[in-house]
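> I would like to see how this sequence folds:
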Amino acid sequence: QVQLEESGGGLVQAGESLRLSCKASARTFRLYSVAWFRQAPGKEREFVSGIRWRDGTTFYGDSVLGRFRTSRDVTRKTADLQMNGLKPEDTAIYYCAGKSTGPEVMDNEYEYWGQGTQVTVFS
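Residues are numbered from 1 along each chain as shown. Model (predicted):
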């Protein structure tokens, strides 16, 4: 079992940046990939970004490509999401998720989920 905990959400003005962090419990050797999803009120959950734990290969959803960047620190067992150029439409609850098997990263087949952290962007 892998436990995930997000931190770093908040309230920012459009154009500003935020950095989210996801802390994994000890058993990260079980992880194939870690991803960030988001869900806005009344909308479906959306894949934001993902990173393959073994080699750090990254994947991004079209709506954040070029603005967001994900990374991981194997020693600290963290996966971060750097969000730049935030827009009001980025407002959502952001969830960190982990899966133990591949090969897909950009699907919804994630087993482990954090509680979520709120990101609010005002214009």
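> Assign Ser49 to helix, strand or coil.
strand (DSSP: H, G, I helix; E, B strand; the rest coil).
> Could you find the closest non-adjacent residue to it?
Take Ser49 and drop its neighbours on the chain: the residue closest to it by Cβ to Cβ, 6 or more residues apart in numbering is Thr70, 4.2 Å away. Backbone N, C-alpha and C define where each C-beta goes, glycine included.
> Am I right that that neighbour is in a helix?
No. Thr70 is assigned strand when assessed by three-state DSSP, not a helix.
> number of nearby residues for it?
23 (other Cβ atoms under 10 Å).
> Touching, it and Arg52? I think so.
No. Contact between Thr70 and Arg52 fails when scored by Cβ atoms under 8 Å: they sit 10.5 Å apart.
> Return every residue with contacts to both of these two.
Thr58 (Cβ atoms under 8 Å, 6 or more residues apart in numbering).
> Spit out the contact partners of the residue nearest to Ser49.
Trp36, Ser49, Gly50, Ile51, Thr58, Tyr60, Ala79, Asp80, Leu81, Gln82.
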